[in-house]
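Q: Predicted model and sequence follow; I will ask about them next.
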Amino acid sequence: MTRDEFGKYLGQTLNAGQYRDYCPNGLQVEGRETIAKVVSGVTASLALIEAALDLKADAILVHHGYFWRGEDMRVIGTKQRRLKLLLSNDVNLFAYHLPLDAHPQLGNNAQLARQLDFTASGRFGDDDLGWLGRSNSPSVKTAADLAALVEKRLGRMPLLIGDPQQALGDIAWCTGAAQGMLADAIAAGASAYISGEISEPTVHLARETGTIYIAAGHHATERYGVQALGAHAAEHFGIEHQFIDIDNPV
């Protein structure tokens, strides 16, 4: 499979062109033309690149790539070391941010729902990034039950804001750093909202509205979309794929 075929298929699958994103989606660093092995991971860190090289990958597929809006444009320091390693080894880097959050089957929010056994009933927020639904588990009745489920399924103790014994209605979720969408989740009718990170104002809004907020980890909530996308593309093209989890406590 060629590099261009791979990028074209991913872009079409995710409908990447419809999003006004904070970074370029698609091929970010050009490497060799032929791709037979792909490594996926959450973030294009130096550790992920080194692990991909050990596996002799032709391409790396990530959710968090490079060239973010407002970042220092100079190729120095960490950026230089990462790019040098990719370019000197002729390895391609593909990155998909909002398109991978939003995809209805392969996206981060769809895959988080799968991990937590939620059934979605609606979407909310800009680009319909937020999801709304309910737990399919009869044992998840309170905020404490929900936090325990998140810890068990994601392998990370979440931060719970609110009364642990509060009964649950609709649950909203949006992976990563989507704490700023709490107001949208409340407007959509959520009794609880799960995201990856939390900010100081998040606590006050949750308390003052009686809404449960669960910060489950940016990395922890976004491990699953890129895995699903990589596996899907590998099956489609008949190539090798391996997900590498570079642990991140955030």
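A: It's in.
Q: thinking residue 92 is in contact with residue 34, fair?
A: No: applying C-beta atoms under 8 Å, one finds residue 92 not in contact with residue 34, separated by 10.1 Å. In this view, the C-beta of every residue, glycine as well, is placed from N, C-alpha and C.
Q: okay, and the common contacts of those two?
A: Shared contacts of residue 92 and residue 34 (C-beta atoms under 8 Å, 6 or more residues apart in numbering): 3, 58.
Q: Between those two, point out the one with more neighbours.
A: Higher neighbour count among residue 92 and residue 34: residue 92, with 22 against 12, using other C-beta atoms under 10 Å.
Q: and that one, what does it touch?
A: So, once contact is read as C-beta under 8 Å, 6+ apart, residue 92 ends up touching 3, 6, 27, 29, 30, 31, 32, 35, 58, 59, 60.
Q: For it, name its beta-bridge partners.
A: Using DSSP bridges, the bridge partners assigned to residue 92 are residue 59.
Q: Filter the contacts of residue 92 down to just the ones in strands.
A: Members of those lying in strands (criterion: DSSP state E): 27, 29, 59, 60.
Q: residue contacts, the second one?
A: When the contact criterion is C-beta under 8 Å, 6+ apart, the partners of residue 29 are 66, 83, 86, 87, 91, 92, 93.
Q: Measure how buried the fifth one is and give me the count.
A: This points to residue 91. Residue 91, neighbours per other C-beta under 10 Å, totals 22.
Q: In this structure it contacts residue 59, no?
A: Yes: using C-beta under 8 Å, residue 91 is in contact with residue 59, at 6.7 Å.
Q: List the residues that contact the residue nearest the centre of the chain.
A: By C-alpha atoms, centre = their mean, the chain has its centre lying nearest to residue 222, at 3.1 Å. Shown in contact with residue 222 (C-beta under 8 Å, 6+ apart): 42, 63, 108, 175, 176, 196.
Q: thinking the fourth one is in contact with residue 109, fair?
A: Meaning residue 175. Yes: if you go by C-beta under 8 Å, residue 175 and residue 109 touch, sitting 5.8 Å apart.
Q: are any of the contacts of residue 29 buried, and which?
A: 66, 83, 86, 91, 92, 93 (16 or more other C-beta atoms under 10 Å).
Q: tell me which element the third one falls in.
A: This points to residue 86. helix 77-88 (DSSP states H and E).
Q: pLDDT of that helix, averaged?
A: In this model, helix 77-88 has a mean pLDDT of 98.
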